[in-house]
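**Q** My questions concern the predicted model and sequence given below.
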Amino acid sequence: MASFATIDTVLRPVAGFCLAVMASCASTSSASIDRQNEEAIRSVVAKYVRSVDAADTGLAREVWADAPGISFIHPLGHERGWTEIKTNLYEKIMRDMLSTRKLTVHDLSVKLYGDTAQTEFYWVFDAKWRKDDSAMQTKGRETQVLRKSARGTWEIVHVHYSGIPAIIPGQGL
């Protein structure tokens, strides 16, 4: 019959190995889920860009949460709720004031916090004014807050964007 010391000597390394394998699997699984969530969020941002480019409220509806507290802060205003975002941003500005739109995003970062996430990116927005077909270009940065819906999809609940910081002393404060 084997002694307790012999069993302990055999089982301790086996138990340690099993725990290490289980920890590795949990870590790999968590990293895989994070990658999947990040890819899904990047897809939401890409669809958001397409909705701006096309001034498409149907496409925009697919990326925005269906909740009364959603909001969008931009240099021309502060939209609260889907109706204001749809009417004031997508229809009155994007569709009615501009004949063409091209939003280009770069330096996109995604930060996950469980069932919420934050994106940050810089953008260049090229457009033409509908009134005289003159071109304009603006540059800025944007933060988006997203949440995971009950359906398991990511959706935007808040956007805040601003122009590139002023570099003239005394401005931009």
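**A** Happy to help now that I have it.
**Q** mind listing the strands for the protein?
**A** Chain-ordered strands for the chain, with DSSP state E as the definition, fall at 71-74, 77-80, 98-113, 116-129, 135-148, 154-163.
**Q** Please identify the pairing partners of the fifth one and their relative orientation?
**A** Its sheet considered, strand 135-148 pairs with strand 116-129 (antiparallel), strand 154-163 (antiparallel) by DSSP bridges.
**Q** got those as TSV, with distance to Q137, mean neighbour count and mean pLDDT columns?
**A** Any C-beta I mention is one placed from the backbone N, CA and C, and that applies to glycine too. Shown next, in TSV, are these (distance: least, CB to CB, whole Å; neighbours: other CB atoms under 10 Å; pLDDT from 0 to 100):
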stretch	distance to Q137	mean neighbour count	mean pLDDT
strand 116-129	5	16	98
strand 154-163	11	17	97
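**Q** nearest to A60, of these?
**A** A60 lies closest, by CB to CB, to one member of the strands paired with strand 135-148: strand 154-163, at 9.1 Å.
**Q** relative to strand 98-113, how tilted is that closest one?
**A** Relative orientation of strand 154-163 with respect to strand 98-113: 120 degrees, computed using axes from the mean of the first three to the mean of the last three CA atoms, to 10 degrees.
**Q** centre of the chain versus strand 154-163, how much separation?
**A** A distance of 8 Å separates the centroid of the chain from that of strand 154-163, by CA atoms, centre = their mean, to the nearest Å.
**Q** nearest spatial neighbour of H106, skipping sequence neighbours?
**A** Leaving out its chain neighbours, the residue that sits closest to H106 by CB to CB, 6 or more residues apart in numbering is Y122, at 5.4 Å.
**Q** So what sits opposite that neighbour in the bridge?
**A** Bridge pairing for Y122 - DSSP bridges - gives H106, R141.
**Q** Next, the contact list for it, please.
**A** Applying CB atoms under 8 Å, 6 or more residues apart in numbering, we find Y122 in contact with 105-107, 139-142.
**Q** what about the residue nearest the centre of the chain, distance to K131?
**A** Nearest residue to the geometric centre of the chain (CA atoms, centre = their mean): T119, 4.1 Å. The gap separating T119 from K131 is 33 Å, by CB to CB, to the nearest Å.
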